[in-house]
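Engineer: need a structure here:
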Amino acid sequence: MNKAKIILADDHLLFINGLESLLEHELWIEVIGHANNGKELLYILSRSEPDLILLDINMPVLNGFGADIGFVYEFRPNHAAYQLDSNRLMRDRNKYKLKAGIALLDIGRLKYKSDPERTGTYGIDITGTERLYLNELSEADIDDFNSFFQSRPEYFTTVAGAGSNYKVSLPSTVQVDVDYHLHRGFYASLAAQIPINKDEAFNSRYYSSFTLTPRYEGRAIGVYVPLNQNSLTGFNAGVSLRLGNMFIGSGSVLTAAFDKSKQADVHIGLRFGGLQKNIQKKEDKKDRKAQKRTEKREKKQKKLDN
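Structural biologist: Reported below is the predicted structural model:
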């Protein structure tokens, strides 16, 4: 039996020991590590792959918060046309003419407390015929980098006034998606990804991206042509196909085939929950069959009467 690998993270050692003693009696659970602060947790995660983390909401040394929020609006000018009766709608039709969504993702930041023995801030001064070969760091553990820099004062000078605490913003973005129903199975969508956190030291950022995707959606087949402009790889055009619930494609295959492209990607997947059947057609077909049976019975009855 494969055991669930769990990491315990809490700044109260008594709580961790008590919880670990309870979990060790569960045959399906294996505690593979415990951390007393956020920095220790990141260190453990860099060397293991847990199935579950039991995490305190407020941790010392490394702490922070994050959140996502989003809204979707659908404009349905002909909603009544899709009404089958007082309780049912046509499930095989998209009811909206225009659907728009906006979301703020990865809102928040982390606070770090530096370890003076393992971290430092340095200025680099290598001039003239001086040489520093970076392969000297290839065999060193990351925890030994600070002592490596300190042992070479001719190249690295300590920056005065560098703080022991610093903050790192999450890669916050605004995501905008607008989908317009052109006619029957034809649509066009416009999506944008816009980074909003500051481009500062320690901060990670997503690249800005804008994508226009005309597409056709049918029950059995779908065709998508994404046209993308982003700050990382420039312009890319691709194509994606869907057969039933299976889809495969690339966001850059057309650019790679007919022009120079800095991007190479492919996607393949399975979509759960296909398009719905046309209930009205099904019921009309059922009514026609019932009508034919009634007509046959009436004809048979007339023959018997005669």
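
Engineer: neighbours around residue 34, how many?
Structural biologist: Residue 34: 19 surrounding residues under other CB atoms under 10 Å. In short, each C-beta sits where N, CA and C put it, glycine included.

Engineer: then residue 187?
Structural biologist: Look at residue 187: counted by other CB under 10 Å, it has 19 neighbours.

Engineer: ok, what's across the strand from it?
Structural biologist: Counting by DSSP bridges, residue 187 is bridged to residue 181, residue 215.

Engineer: again with residue 103
Structural biologist: residue 70, residue 175.

Engineer: now do residue 53
Structural biologist: Counting by DSSP bridges, the residues bridging with residue 53 are residue 7.

Engineer: so it touches residue 6, yeah?
Structural biologist: Yes: counting by CB atoms under 8 Å, residue 6 is a contact partner of residue 53 at 7.3 Å.

Engineer: who's more crowded, the two?
Structural biologist: A direct count of neighbours by other CB under 10 Å for residue 53 and residue 6 places residue 6 higher, at 20 against 15.

Engineer: what separates the residue nearest to that one when sequence neighbours are not counted from residue 33, distance-wise?
Structural biologist: Using CB to CB, 6 or more residues apart in numbering and skipping the chain neighbours, the partner closest in space to residue 6 is residue 52 (4.9 Å). Distance, residue 52 to residue 33, by CB to CB, to the nearest Å: 12 Å.

Engineer: residue 177 now?
Structural biologist: Separation of residue 177 from residue 33 (CB to CB): 39 Å.

Engineer: try residue 5
Structural biologist: 9 Å.

Engineer: so what sits against both of those two?
Structural biologist: 48, 50 (CB atoms under 8 Å, 6 or more residues apart in numbering).

Engineer: tell me, how many neighbours does the residue nearest to residue 6 end up with?
Structural biologist: For residue 52, the neighbour count with other CB under 10 Å is 11.

Engineer: show me the contacts for it.
Structural biologist: 4-7.

Engineer: now do the same for the residue lying closest to residue 192 once chain neighbours are set aside: its pLDDT.
Structural biologist: With sequence-adjacent residues excluded and distances taken as CB to CB, 6+ apart, residue 192 is closest to residue 176, at 4.5 Å. What the model reports as pLDDT for residue 176 is 97.

Engineer: ok, residue 176 to residue 199 distance?
Structural biologist: Counting by CB to CB, the gap from residue 176 to residue 199 is 21 Å.
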